[in-house]
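*Asks:* here's a sequence, model it:
(chains A, B, C and D)
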Amino acid sequence: MDFTLSNEQRAWQMTARKFAEEEIRPISLERDDIADPRETFDWEIIKKGSKLGFRTMAVPKEWGGHGTDFVTQALVMAELAKGDSAISKTFSQCWKWSHLIAAACSEEQKRRFLKPFLEDDTFLLGKGISEPSAGSDNRLPPDDPKAGLKLTAERHGDHWILNGEKCFIANASVGKLFFIDARTDPNAPLRQSTTMFLVPRDTPGMRIGKVFNKSGWRFYQNGEIIFDNARVPHANVVGAVNGSDMKTHAAGDRTGGDLFGDLELAANALGVCDNACAMALALAQTKTQGGRPLFEQQVIQLKLNKMHLLTEALRSFVMRIAWEHDHKVRSANAGLCMNFSTDVIQEVTELNLDLHAGAGVLDPRAEKLVRDAIIWSHLAGDSVQRMKATRRLAK
Amino acid sequence: MDFTLSNEQRAWQMTARKFAEEEIRPISLERDDIADPRETFDWEIIKKGSKLGFRTMAVPKEWGGHGTDFVTQALVMAELAKGDSAISKTFSQCWKWSHLIAAACSEEQKRRFLKPFLEDDTFLLGKGISEPSAGSDNRLPPDDPKAGLKLTAERHGDHWILNGEKCFIANASVGKLFFIDARTDPNAPLRQSTTMFLVPRDTPGMRIGKVFNKSGWRFYQNGEIIFDNARVPHANVVGAVNGSDMKTHAAGDRTGGDLFGDLELAANALGVCDNACAMALALAQTKTQGGRPLFEQQVIQLKLNKMHLLTEALRSFVMRIAWEHDHKVRSANAGLCMNFSTDVIQEVTELNLDLHAGAGVLDPRAEKLVRDAIIWSHLAGDSVQRMKATRRLAK
Amino acid sequence: MYSLHLSPEQLQIRDTVRDFVAREIKPLALNPNRLEAPARPLLVEALEQASRIGLRTFALSEDAGGAGADNLTCCIVTEELAVGDPDVAAVLAQTSILARALFDSLMTPEQRARFLPAFVAKHRYHIALAEHEDGRDSMLGVNYHRPQASEPRFSTAAVRSGDEWIIQGRKDRVVGASIAALFAVRASVGDDGATATLLVPRDAPGLSVSEKEASPRWQHGACGSVTLDHCRVPAQNFLAADAALFVDEGRRIPQEQALALGIGRAAYEAALDYAQLRVQGGRPIIEHQAIGAKLAEMAVRLEVARAAIWQAAWASDHPDAFADASLPDLPLSTIAAVFASEAIYRVAKDAAECFGATGVMRDMPLHKYVQDARTCLHSGMESSEAKLRIAEALARYRRPGSAAVLAAE
Amino acid sequence: MYSLHLSPEQLQIRDTVRDFVAREIKPLALNPNRLEAPARPLLVEALEQASRIGLRTFALSEDAGGAGADNLTCCIVTEELAVGDPDVAAVLAQTSILARALFDSLMTPEQRARFLPAFVAKHRYHIALAEHEDGRDSMLGVNYHRPQASEPRFSTAAVRSGDEWIIQGRKDRVVGASIAALFAVRASVGDDGATATLLVPRDAPGLSVSEKEASPRWQHGACGSVTLDHCRVPAQNFLAADAALFVDEGRRIPQEQALALGIGRAAYEAALDYAQLRVQGGRPIIEHQAIGAKLAEMAVRLEVARAAIWQAAWASDHPDAFADASLPDLPLSTIAAVFASEAIYRVAKDAAECFGATGVMRDMPLHKYVQDARTCLHSGMESSEAKLRIAEALARYRRPGSAAVLAAE
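*Replies:* Residues are numbered from 1 along each chain as shown, chains lettered A, B, ... in the order given. Presented below is the predicted three-dimensional model:
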């Protein structure tokens, strides 16, 4: 057993920490405060981060990326999230799908898509699963063929014609390439009838609809993609037709979780919690009441205790699942850790806000962290995500 | 970063697991059920465990012990606690004070006490701090000289005469050697007026009073020790007169926690949680309602989820602090982990009992685990223990 | 008009019972020897004294010889009794409420004439409901929002034979089994498994009582099991209309919650007293923020729980308040139960924590309060099950034929 | 006698307001454009309509031209209004309660004659309390169970100059600042820093209002700040006896809790509706145990919170119920606040979770409910602070000279 980081891991961590402190944090509140969700994005921070490797760090070395391991990725996600959770997520969203490209795309597809991805500092990736009437049905699919996603793809010679609508697509308004799940057999249950397509932004018949106006994670773009007889070449099918379950077992995932997604949310939450703990401790040590630092008060100490113990428990758990990912240990841990991160990020950010408000300070950043944390309920900790993790336990 | 266990660590773990399954678990409920607290103890299990090294594993190799590291100790404590939390604690209580002997006793004292300890399978250790009117005042001492422990030691030539009473002394009724804190300067605050003495069981003037009748942890002996002009040679003073704070910094602890105590409770809790999770999962998979396994029900899955995610978070945290102990990393983590273990062991054992009772099964073992877990409130998670950990954060 | 004023009679009976508990029950219940003993025999003498001050016949109408207390007042008394001893509280509550149901409404005049005089006259005459059977699956569980749920058949069966009913079966978790003189036994009758209730005197041939309690306990009231082995009772002991005994659980008198409240209060009061006496850090521990805040949390939970329990208690007597929309059309007793059982368990645990190591010792009261509060968690419907029942009510879900099932429940 | 029956008048006003909110407020408040906008201007038209149905003068005595509503009825109305819009609810609650205090008891006949006619006549005439000052440390906090706590001096000061008072200072978090026609301004007077209240009309020279709200919000009611720069009012605007305005917080009308309850109810009702419509796994999601149990938890929290809030509301009007021991001698409003604010925030979060991703979108109601419920967490006393105050009450701690301090508070 050894918790020491390698020099390379430590170097990535330090670079990310510096970037978060010097570049991300200064723009974080300002971006959060922009009312129009289409305007919160900032290409400069993406370009700067990309030049440091934060966009492409998950791409394998043989394809020209940095080939970092999951431990490094977890460290970097947490550090970036200390600056801004949504900006961290924008970068790691690219890792998520570059993991997928590496694991599931053909050599030809890798050549066609990985190369431009690596060369262009503004090349972002996205993936479309959710649809207006299919949320948890995609996560825990029932056998009914009518349940789940409805976007259709019909084959016409060398092309597929896509029709339908995706919603809640991350990076929709800024991405250059999307992985789109579509139903290629209307009569079979979801798992046997779905195909994944690589769909470049300039695909004819595809357009971006509304950009969602989220409570938190303002920087992170999330929108609709509408397919109106969109033409996608057959060469862009990922894996087999009717064989999309690519981000899980077939794509090489032996971790029992989604290859990367569970770790991603848990590591990002850790960074937010670190930020909240640091804010709360600083407040308690500097702000006074009755002439004495808040830190002297027992009720304050007990809140700080809860914040820190949850954060340190989460850190321990995150680093463990990152290592387990690297070693392809099969367990339910990644999902459990993601569920846990929901409880932790919300409790810790809420306690931080309470401490500030109780001291007469309504800090906008403390409030932002709470809003950022709310999205975990849906992405990481709702009852479907929890039942999904539990069902892995019994396997 | 590496979570792999060494072969030696793995071997200790497997031996402990086997011993817990084959020897401890079969007697656990029966010992728990004995009404008289003096009768719950069983020397056979101590002897058997001692022969496997579970009594002496923390003694350094140069003194003839096994010299296991903290990671190994954590693994073994958790495994033994899967069989019975109190029996695990009875063994680890000896490690706690053999750590202390190794760190703080003189060579002469080590020769006098470590040797018989190693040779005698029934040689158990204990330590006396608490007194009827001094509980948290010992943990977070105020400056008032009147606060804290009151047992007095007065020097008479080569001996010290001890008068007073200790309560809640672990292993009191079964121990052969005790570390006793006494006030050697009535006019100074606790930290500057306390001396620690090595007091063998046959010390004239010392006797065991009542054995406490605890809710859980029935096997674990806990009693009063009464000193009525007890004579202890000056050679049995540990460290310096008026210099007792031996289990912390002066004794070589750079972990920010008690050298061993915080880890001990957290690791023991982990074993109990593992047991509870296993029981709950087995119940859910075998017991039916309306003809279908309980596991199929969402409300059951959500409870299992909570139990497992808390347990895995605790495991991650415990292994981390064990490693940090081994590497003398200074932080508040050990205390935080111990506090966390209180919340986790109680929630997990209560959920296990709920699941059983909800299924119409009032399993005595499920109930026992809840009773065993209650003691954490006092030992590991009361407000004083939480504030203590918090104050380390600010250092 | 909305009013939270208790009547002078309610205030007086509360004071009387509180005083009775302090003088007569607590010294017995908190005796260290009793606390440490593995078994906890029913305090029969205290029960008899309680009967002498009218608590055994408290809910029975005045005409029949009781005090005619309403459900709220019954819950107030149960809380007070449970501060002293939850078994005494449970047995008295059961007898008193069953007596009202049986003598005031369900029995025929003939039955009443046969049973009432002895009941009123004998201070040790208790009535018990023998309903629970091990292995009978009465959970909603998998049938949540599914049509198939219906009341499962009792394996205890009663068969008519001439002028008698012959009953065969076994009931457990019978509150007050050791002391009851009369059992209301639920059994299946006829080929269709319909449920009926029979009045079975303790001396009926074939009835035997085992007082051995399960360890851990399922519920308060010194429960035991009742075996009916070819047990014979006269045909006239059949209870023609028993529906009122088994009204919708969501709307029935929240006696178990009032009982839990008493346990929680006892724990809280002990902690409050101790925190004002125990000095650490140079001050009584209540003057430390951490302990003060913890005591405040306990008080909040207890007061909020009491408000919810009293609301449910009053509502169980006033269905018209649902009809006129003064109260929401919800299972208020189940709602009070979900909140109170968990809240009160936390109160007991927090109270024990204030006592440090002595909080877990078996010869000290706090251990008892924690154990007793934990028993309350399992004595009624389990919490998830209760939530599913509330959820069906929220959705106004009605099972096909459920009107009949409900009426029979 | 204990009764939870609402009077026909209470039931009727509840229905009237509920209907008003559904028809007139919800369509405005839940308009996606308004939901998305960074600022949330006060719904002045709706406020005026509310005034026309008597809600602005609801608590004012009938003699003075109001409806003479008691505190419980006021809380019922506040809950209903807050289901639609918490700002409307907060402003109406403040004006109505202040009007009763000022016109019915605190003003001299001369003051009343001067201010009452305009107040009653003008539907847009609101009254605001200008009390809070940034940096004024009124916390118990470190002074818990220590003798030194006393009411800190206001930095806003009023100095008598001839026939006038001259006020200098700045107040923030003033509910309804943008619309108020009359401010009750708390200021220190004299050398000893005694506190007094002055009636300051909006058009008083030197008074200016900034409507810019803090982001995030401190509390509901479209708060703003009021600057008093050499602001002059006639000597007759001094309020001789203001104690009744600032009674013990633990016993005052729990308007803020009723408001939080309305927000929680709106969230819960939205989730309940949605869960019956949204189909996943082939069934409406309410039919899945996980969602059903979650909705049940919400219902439990809301019903229990309402029982506690109504108890505190009724108690705030009936101090005799403390005296006769019908109610425990505790700060019931603070107790209700500690429970309700946290419980309701959880309700709102759980409700939003039922909506999946749409639960966090700014153009959808659930986001608003969560934010609004969070504002309630910070609008009153912070929870630890409240617990410390409850703890002092539990210990019957009395600060030296506290009688005077309490009376002035």
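
*Asks:* give me the residue from chain A nearest chain C.
*Replies:* Per Cβ to the nearest Cβ, residue A:298 is where chain A lies closest to chain C, at 3.8 Å. Bear in mind the C-beta positions are built from the backbone N, C-alpha and C, glycine included.

*Asks:* low-scoring stretches of chain C, by residue?
*Replies:* The model of chain C has pLDDT under 70 over residues C:149-150, C:243-244, C:247, C:401-409.

*Asks:* pop the domain breakdown of it in here.
*Replies:* Structural domains annotated on chain C: C:8-124, C:130-245, C:249-394, as defined by automatic domain parsing.

*Asks:* among those, which is nearest residue A:111?
*Replies:* Counting by Cβ to Cβ, residue A:111 lies closest to domain C:130-245 out of these; the figure is 52.8 Å.

*Asks:* check the offset of whichever helix or strand residue A:388 is part of from the chain's centre.
*Replies:* Secondary structure here is read from DSSP states H and E; on that basis residue A:388 sits in helix A:383-393. Relative to the chain's own centre, helix A:383-393 is displaced by 19 Å; criterion: Cα atoms, centre = their mean, to the nearest Å.

*Asks:* next one: stretch A:206-222
*Replies:* Averaging C-alpha positions (Cα atoms, centre = their mean) puts stretch A:206-222 14 Å from its chain's average.

*Asks:* give the buried residues for it.
*Replies:* A:206, A:208, A:211-222 (16 or more other Cβ atoms under 10 Å in any protein chain shown).

*Asks:* from those residues, which are also near chain B?
*Replies:* Residues of the buried residues of stretch A:206-222 in contact with chain B (Cβ under 8 Å from any Cβ of the partner chain): none.

*Asks:* so where do the strands sit in the stretch 1-150 of chain A?
*Replies:* Counting by DSSP state E, counting those that start in this stretch, the stretch 1-150 of chain A has these strands, from start to end: A:125-128.

*Asks:* so, low pLDDT: which residues of chain A?
*Replies:* When residues are selected by pLDDT under 70, those of chain A lie in A:134-146, A:244-257.

*Asks:* again, only this time at 50
*Replies:* For chain A, the stretches flagged by pLDDT under 50 are A:246-247.

*Asks:* domain ranges for it?
*Replies:* Each domain of chain A is listed here as a residue range: A:7-119, A:125-238, A:257-392, per automatic domain parsing.

*Asks:* winner for burial among these?
*Replies:* Each of these was scored by mean neighbour count; the highest is domain A:257-392, a mean of 23, by mean count of other Cβ atoms under 10 Å in any protein chain shown.

*Asks:* burial of the closest residue to residue C:157 other than its chain neighbours, as a residue count?
*Replies:* Take residue C:157 and drop its neighbours on the chain: the residue closest to it by Cβ to Cβ, 6 or more residues apart in numbering or on different chains is residue C:188, 5.1 Å away. Using other Cβ atoms under 10 Å in any protein chain shown, residue C:188 has 19 neighbouring residues.

*Asks:* could you do the one 5 residues further on as well?
*Replies:* Neighbours of residue C:193 under the rule other Cβ under 10 Å: 13.

*Asks:* for it, what are its contacts?
*Replies:* Residue C:193 sits next to C:153-154 when contact means Cβ atoms under 8 Å, 6 or more residues apart in numbering or on different chains.

*Asks:* for chain B, what is the nearest residue in the stretch 151-300 of chain C?
*Replies:* For the stretch 151-300 of chain C, Cβ to the nearest Cβ, closest residue to chain B: residue C:290, 3.6 Å.

*Asks:* between the helix or strand encompassing that residue and helix B:383-393, how big is the angle?
*Replies:* Using DSSP H and E, residue C:290 sits within helix C:289-317. Inter-element angle recorded for helix C:289-317 and helix B:383-393: 130 degrees (by axes from the mean of the first three to the mean of the last three Cα atoms, to 10 degrees).

*Asks:* would you mark the buried spots in helix C:289-317?
*Replies:* By 16+ other Cβ under 10 Å, the buried positions in helix C:289-317 come out as C:289-316.

*Asks:* give the contact list for whichever residue of the stretch 151-300 of chain C sits closest to chain D.
*Replies:* As assessed by Cβ to the nearest Cβ, chain D sits closest to residue C:292 within the stretch 151-300 of chain C, at 3.3 Å. Residues near residue C:292 by Cβ under 8 Å, 6+ apart: C:286, D:144-145, D:387-388, D:391-392, D:394-395.

*Asks:* hmm, try it at 7 Å
*Replies:* Neighbour list for residue C:292: C:286, D:144-145, D:388, D:391 [criterion: Cβ atoms under 7 Å, 6 or more residues apart in numbering or on different chains].

*Asks:* of the residues you listed - the most surrounded one?
*Replies:* Counting neighbours by other Cβ under 10 Å, residue D:391 leads the contacts of residue C:292 with 27 neighbours.

*Asks:* on that earlier part again, now the residue nearest to residue C:157: which helix or strand?
*Replies:* Here residue C:188, judged by DSSP H and E, is contained in strand C:180-189.

*Asks:* in its sheet, what does that strand sit against?
*Replies:* Taking DSSP bridges as the criterion, strand C:180-189 sits next to strand C:126-130 (parallel), strand C:157-161 (parallel), strand C:194-201 (antiparallel) in its sheet.

*Asks:* and those strands: which comes nearest residue B:59?
*Replies:* When the strands paired with strand C:180-189 are compared by Cβ to Cβ, strand C:126-130 sits nearest residue B:59, at 60.3 Å.

*Asks:* got the contact list for the helix or strand just after the helix holding residue C:290?
*Replies:* Counting by DSSP H and E, the next helix or strand C-terminal to helix C:289-317 is helix C:320-323. The contact list for helix C:320-323 (Cβ under 7 Å, 6+ apart) reads C:315, C:327, C:329, D:4-5.

*Asks:* ok, the residue of chain A closest to chain C - contacts?
*Replies:* The neighbours of residue A:298, taking Cβ under 7 Å, 6+ apart as the test, are B:383, B:387, C:288-290.

*Asks:* and the gap between it and residue C:289?
*Replies:* When distance is defined by Cβ to Cβ, to the nearest Å, residue A:298 is 4 Å away from residue C:289.

*Asks:* same check, this time on residue A:195
*Replies:* Look at residue A:195 and residue C:289: by Cβ to Cβ, they are 61 Å apart.

*Asks:* likewise for residue A:133?
*Replies:* As for residue A:133, its distance to residue C:289 is 52 Å (criterion: Cβ to Cβ).

*Asks:* chain C against chain A: which residues are in contact?
*Replies:* Taking Cβ under 7 Å from any Cβ of the partner chain as the test, the list of chain C residues beside chain A reads C:288-290, C:293.

*Asks:* could you rerun that using 6 Å?
*Replies:* By Cβ under 6 Å from any Cβ of the partner chain, the part of chain C that sits against chain A consists of C:289-290, C:293.

*Asks:* now the domains of chain C in a markdown table, with distance to residue A:330?
*Replies:* Shown next, in a markdown table, are the domains of chain C (distance: least, Cβ to Cβ, whole Å):
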| stretch | distance to residue A:330 |
| --- | --- |
| domain C:8-124 | 46 |
| domain C:130-245 | 30 |
| domain C:249-394 | 30 |
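
*Asks:* to residue A:316, which of those domains lies closest?
*Replies:* Across the domains of chain C, the minimum distance to residue A:316, taken as Cβ to Cβ, is reached by domain C:249-394, at 26.0 Å.

*Asks:* what does the stretch 101-250 of chain A put close to chain B?
*Replies:* Taking Cβ under 6 Å from any Cβ as the test, the list of the stretch 101-250 of chain A residues beside chain B is empty.
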